[in-house]
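K.L.:
Provided below for reference: sequence and predicted model.
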Amino acid sequence: MRNDFKGNKAHLPSKPCVVCGRPMSWRKAWAKNWDEVKYCSDACRARRNVSPPND
């Protein structure tokens, strides 16, 4: 990630959440561990081990 970010969020990297599939945009707070980020929110992190009910 380059340090000359000028506010154009269209050029930030993104990847899908492994739980819900929503795209996550790069955040400065995730700069040091972007490769390890898997979940878009605390709610998805909590649901990561919940399996869907079997019918």
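P.N.:
Cool, got the structure.

K.L.:
And the strands in the chain?
P.N.:
Using DSSP state E, the strands of the chain run over 14-16, 23-25.

K.L.:
Can I get these in a markdown table including mean pLDDT?
P.N.:
Listed next are these as a markdown table, based on pLDDT from 0 to 100:
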| stretch | mean pLDDT |
| --- | --- |
| strand 14-16 | 93 |
| strand 23-25 | 91 |
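
K.L.:
Distance to Ala31 and mean neighbour count for these - can I get that in TSV?
P.N.:
C-beta: built from backbone N, CA, C; applies to glycine. Supplementary listing: those in TSV, determined by distance: least, CB to CB, whole Å; neighbours: other CB atoms under 10 Å:
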stretch	distance to Ala31	mean neighbour count
strand 14-16	14	12
strand 23-25	13	14
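
K.L.:
Now distance to Trp34 too, for the ones you listed, in JSON lines please.
P.N.:
Below are the strands of the chain laid out as JSON lines (distance: least, CB to CB, whole Å):
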{"stretch": "strand 14-16", "distance to Trp34": "9"}
{"stretch": "strand 23-25", "distance to Trp34": "10"}
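
K.L.:
what residue ranges in this structure score low on pLDDT?
P.N.:
Scanning the chain with the threshold set as pLDDT under 70 gives 1-6, 51-55.

K.L.:
try 80
P.N.:
Regions of the chain meeting the criterion pLDDT under 80 cover residues 1-10, 50-55.

K.L.:
My read is that Val19 contacts Asn49, right?
P.N.:
No. When contacts are counted by CB atoms under 8 Å, Val19 is not listed as touching Asn49 (9.9 Å).

K.L.:
more neighbours, the two?
P.N.:
Val19 (18 against 7; other CB atoms under 10 Å).

K.L.:
Tell me the spacing between the residue nearest to that one when sequence neighbours are not counted and Cys20.
P.N.:
Of all residues not flanking Val19 in the chain, Cys44 sits nearest, at 4.0 Å (CB to CB, 6 or more residues apart in numbering). To Cys20, Cys44 is 6 Å away according to CB to CB, to the nearest Å.
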